[in-house]
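**Q** Dropping the sequence and predicted coords here.
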2 protein chains.
Amino acid sequence: MIHDNTEFTVTPWKVEGNIDYNKLINQFGTERISNSILNRLEKVTGDIHFMLKRGVFFSHRDLNKILDWYENNGKFFIYTGRGPSGNTHVGHLIPWVLTKWLQEKFGVNVYFQLSDDEKFFANKDATLKSTYQFAYKNAIDFIALGFKPDNTKILINTKNANNLYPIACKIAKKINLSNIRAVFGFTNDTNIGMIFYTAMQSAPCFIEDKPVLIPLGIDQDPHFRITRDIAPKIGKIKPSIIHGMMMPSLTGINTKMSTSIKNSVIYTTDIPNIVKKKINKYAFSGGQSDIKLHREKGGNPSIDIAYQYLRMFFEPNDMKLKKIHDDYTSGKLLSGELKQMTIKKINDFLSSHQKNREKAIEKIDEYMIK
Amino acid sequence: MIHDNTEFTVTPWKVEGNIDYNKLINQFGTERISNSILNRLEKVTGDIHFMLKRGVFFSHRDLNKILDWYENNGKFFIYTGRGPSGNTHVGHLIPWVLTKWLQEKFGVNVYFQLSDDEKFFANKDATLKSTYQFAYKNAIDFIALGFKPDNTKILINTKNANNLYPIACKIAKKINLSNIRAVFGFTNDTNIGMIFYTAMQSAPCFIEDKPVLIPLGIDQDPHFRITRDIAPKIGKIKPSIIHGMMMPSLTGINTKMSTSIKNSVIYTTDIPNIVKKKINKYAFSGGQSDIKLHREKGGNPSIDIAYQYLRMFFEPNDMKLKKIHDDYTSGKLLSGELKQMTIKKINDFLSSHQKNREKAIEKIDEYMIK
């Protein structure tokens, strides 16, 4: 229950209120991604992804340890995923794009979990058929980002239960009802699928006998807090994690883009006119109420959704982004003009992405574990 | 906690105290297998298995309904199983032998579940490797009873998770924490594998889109009480069940034969001398304290373990059994003589069974769902 606008809730199944990512670092007990760790990452990879530089990925657990391991010639792998409750929106792509970059830089295997079981358990009206179908659709978007089948495998929980359930059993034996309630606050009404599910989400952490790095939205962290507690009990290394922010809703910076919130979402399959309409009509503006005032006082990019979409995802070029930022702040760039630039950037991305999606549909089976 | 010798506990994970099967019918809310239902079964099958006639299978749920269905040309299938916590003992064979008979009489498919996950969750010291190995060993005994691979399939939960987990998900969504606690009395210390597990045990009930008949030891009934509550909620017919007694321990009629109770067990791999020693040394006798008294007063077959083993399993011939019963009761047959007859019967059975086990080892893969 949210009582005032400084309160917020972030769990794997509910994100509401005005999210304060700084407070989340304290609440969850994670570490901030510091400049020193970014410098170290840049030394190792020769590069630094703009989402890391700009703080879209802002928090971590044991990132140093996995870099230690890698620098001592140790192999690791990457695991990320998606709860297939609906079609893919652009916010879902944030951790996947970082995953792609990390895979290239470190030359490692990637496992992508689609938790059709979870979304079936969590949503009263969902059928297993519907979440399974969304799993396939989401997988297409994932593949479309350029992953290759030789080092990338997709796990759909009900389809790949043979791969996951035996590992989940080993994890589940180490988690009791008290543990699970302390982390997720389940009640007597919670179904036993939900209660068991965290073990299925943990399972891919141990699918290879190597350390794992997990890029994810910070709302998923509670699952891996449990995994990290259990890892030493089953003779495994604690997973390392990089936590990302969630892409904000069209309607405002403090709400997560979510299919369950009306007018909040840009889907990966939206056509140019729809994107144009959504940005023009719904994207919250940090501009002033009229042009005269805007020229005088300038806009506020920190709450401007069009600007934030560029910053978080659609404008990788730092110089261009800085110019937009400065022009908007000074009043030189109007809110409507900023929206047009953003619409173009999004549509350019989606045009290419949608072509890649068509190719992905044809080769999806190559990514599936038999 | 058992406070006096009229108290007993029967759950899927614990059978202790002096089991009163009549009271269990009331406690569990099942129906007694009446003469009228036996007559009906005999009309349908042309025969009646001695275990049914002798009340070794004594209780049921909806046996009439599955006979109605069958008589109206409906198809059904049979499901039974085993929790692979150790090697197979002769008590385990009781429901499997009835299963074989039912399969022949009704011409139906049989599914045999080996819950390596359950036994891993339930036993602190068990490894998944050990329960999986016991699953294979138990499967060999099952096959050795004469099941054929064309109409019999073996499911090992962690090996066949692809077949079972998606069905288990549909079941699990309909069971909440309150439901599960009411049936099994789990506590905050219970691991989440155990909490979810009942859904895996229910899953084979719906592996074919037909009604199912389940022969089992009555200790397993609580799982299927839940299944029967859920079946209509997922558009399925409630399973029909036939409940068997559990073979008593060597040490006495009121204890279950169990690998966890010392000197209680005859294993299917015991060699003749071991069987001889166990029966002679440990089998509780209903005879009198000396031969003179025995000749005068006679023995009590109702508490005599050697006699009970013949009645429940090893002497299918009713005439022969009656003669043994009457001779023992009259004092004509001594306890030692009864034991020798039982040793011979058990060793004859095991000699043949052990040969069949060797053949079963070679063809076990034919019974596995790929």
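**A** Structure's in. What do you need?
**Q** Name the residues of the stretch 101-250 of chain A found near chain B, please.
**A** Applying CB under 8 Å from any CB of the partner chain, one finds that the stretch 101-250 of chain A approaches chain B through A:117, A:120-121, A:128, A:157-162, A:164-166, A:169-170, A:172-178, A:180-181, A:186-193, A:195-196, A:198-199. In this view, the C-beta of every residue, glycine as well, is placed from N, C-alpha and C.
**Q** Can you turn the buried part of those into a PyMOL selection?
**A** Command for PyMOL that selects the buried part of these, burial taken from 16 or more other CB atoms under 10 Å in any protein chain shown:
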select buried, chain A and resi 117+120+121+128+157+158+159+160+161+162+164+165+166+169+170+172+173+174+175+176+177+180+186+190+191+192+193+195+196+198+199
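**Q** Can you flag which of the residues of the stretch 101-250 of chain A next to chain B belong to helices?
**A** Under the assignment DSSP state H, these contribute A:117, A:120-121, A:128, A:161-162, A:164-166, A:169-170, A:172, A:177-178, A:180-181, A:192-193, A:195-196, A:198-199 to helices.
**Q** Now the element after whichever helix or strand residue A:243 is part of, going C-ward?
**A** Using DSSP states H and E, residue A:243 sits within strand A:240-244. As assigned by DSSP H and E, the chain's next helix or strand after strand A:240-244 is strand A:248-249.
**Q** What pairs with that following strand, parallel or antiparallel?
**A** Take DSSP bridges as the rule and strand A:248-249 pairs in its sheet with strand A:252-256 (antiparallel).
**Q** Now the strand it pairs with: buried residues?
**A** Buried residues in strand A:252-256, defined by neighbour count with 16+ other CB under 10 Å: A:253-256.
**Q** Residue A:353 is in contact with residue A:144, isn't it?
**A** Yes - counting by CB atoms under 8 Å, residue A:353 does reach residue A:144; the two are 5.6 Å apart.
**Q** Find residues that contact each of the two.
**A** residue A:268 (CB atoms under 8 Å, 6 or more residues apart in numbering or on different chains).
**Q** if you count what's nearby, which of these two comes out ahead?
**A** residue A:144 (22 against 19; other CB atoms under 10 Å in any protein chain shown).
**Q** Show me the contact partners of the strand holding residue A:243.
**A** In contact with strand A:240-244 (CB under 8 Å, 6+ apart) are residues A:30, A:33, A:51, A:56-63, A:65-66, A:76, A:94-95, A:98, A:211-218, A:221, A:224.
**Q** List the neighbouring strands of it plus their orientation.
**A** Based on DSSP bridges, the pairing partners of strand A:240-244 within the sheet are strand A:57-61 (antiparallel), strand A:212-217 (parallel).
**Q** which one of these is the most hemmed in?
**A** When the strands paired with strand A:240-244 are scored by mean count of other CB atoms under 10 Å in any protein chain shown, the highest mean neighbour count falls to strand A:212-217 (a mean of 25).
**Q** now the angle from the following helix or strand past it to strand A:57-61?
**A** Tracing the chain C-terminally past strand A:212-217 and defining elements by DSSP H and E, one meets helix A:221-230 next. Angle of helix A:221-230 versus strand A:57-61, following axes from the mean of the first three to the mean of the last three CA atoms, to 10 degrees, is 20 degrees.
**Q** Helix A:221-230 - contacts with which helices or strands?
**A** helix A:21-28, helix A:177-184, helix A:192-202, strand A:240-244 (3 or more CB pairs under 8 Å, 6 or more residues apart in numbering or on different chains; DSSP states H and E).
**Q** Could I get the CA-only coordinates of the first one as CSV?
**A** Translated: helix A:21-28. Coordinates of each C-alpha in helix A:21-28 appear next as CSV, following Å, rounded to 0.1, in the frame of the first residue of the first chain:
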residue,chain,number,x,y,z
TYR,A,21,16.7,3.9,-7.0
ASN,A,22,19.2,5.3,-4.4
LYS,A,23,16.9,4.1,-1.6
LEU,A,24,16.6,0.7,-3.3
ILE,A,25,20.4,0.2,-3.1
ASN,A,26,20.0,0.5,0.7
GLN,A,27,16.7,-1.4,0.9
PHE,A,28,18.1,-4.3,-1.1
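**Q** what about the residue of the stretch 201-350 of chain A found nearest chain B, how many neighbours?
**A** Taking CB to the nearest CB, chain B has its nearest neighbour within the stretch 201-350 of chain A at residue A:226, 10.0 Å off. Neighbours of residue A:226 under the rule other CB under 10 Å: 22.
**Q** now residue A:73
**A** Look at residue A:73: counted by other CB under 10 Å, it has 6 neighbours.
**Q** Stretch A:75-90 close to chain B?
**A** No - Stretch A:75-90 does not reach chain B (CB under 8 Å from any CB); its nearest approach is 13.6 Å.
**Q** from the chain's centre, how far out does that stretch sit?
**A** With CA atoms, centre = their mean, to the nearest Å as the basis, stretch A:75-90 stands 7 Å off its chain's centre.
**Q** Check which residues of that stretch are buried.
**A** Buried-residue list, stretch A:75-90, by 16+ other CB under 10 Å: A:76-90.
**Q** for the record, mean pLDDT for that stretch?
**A** Stretch A:75-90 carries an average pLDDT of 97.
**Q** in chain A, what secondary structure element scores lowest on mean pLDDT?
**A** Least confident helix or strand, chain A: strand A:14-17 with a mean of 82, by mean pLDDT, DSSP states H and E.
**Q** quick one: residue A:141 from residue B:160, how far?
**A** Remark: distance between residue A:141 and residue B:160 (CB to CB, to the nearest Å) = 31 Å.
**Q** Then residue A:117?
**A** Noted for residue A:117: a distance of 16 Å to residue B:160, by CB to CB.
**Q** thinking again about what came up before, adding mean pLDDT as columns, could you present the strands paired with strand A:240-244 in a markdown table?
**A** Compiled in a markdown table, the strands paired with strand A:240-244 are given as follows (pLDDT from 0 to 100):
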| stretch | mean pLDDT |
| --- | --- |
| strand A:57-61 | 98 |
| strand A:212-217 | 97 |
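**Q** quick one: low-confidence ranges for chain A?
**A** Within chain A, the segments meeting pLDDT under 70 span A:1-6.
**Q** longest helix anywhere in it?
**A** helix A:335-363.
**Q** Any idea how far that helix is from the middle of the chain?
**A** Counting by CA atoms, centre = their mean, helix A:335-363 comes out at 18 Å from the chain centroid.
**Q** That helix packs against which elements?
**A** Under the contact criterion of 3+ CB pairs under 8 Å, 6+ apart, helix A:335-363 touches helix A:128-144, helix A:272-282, helix A:305-309, helix A:318-330.
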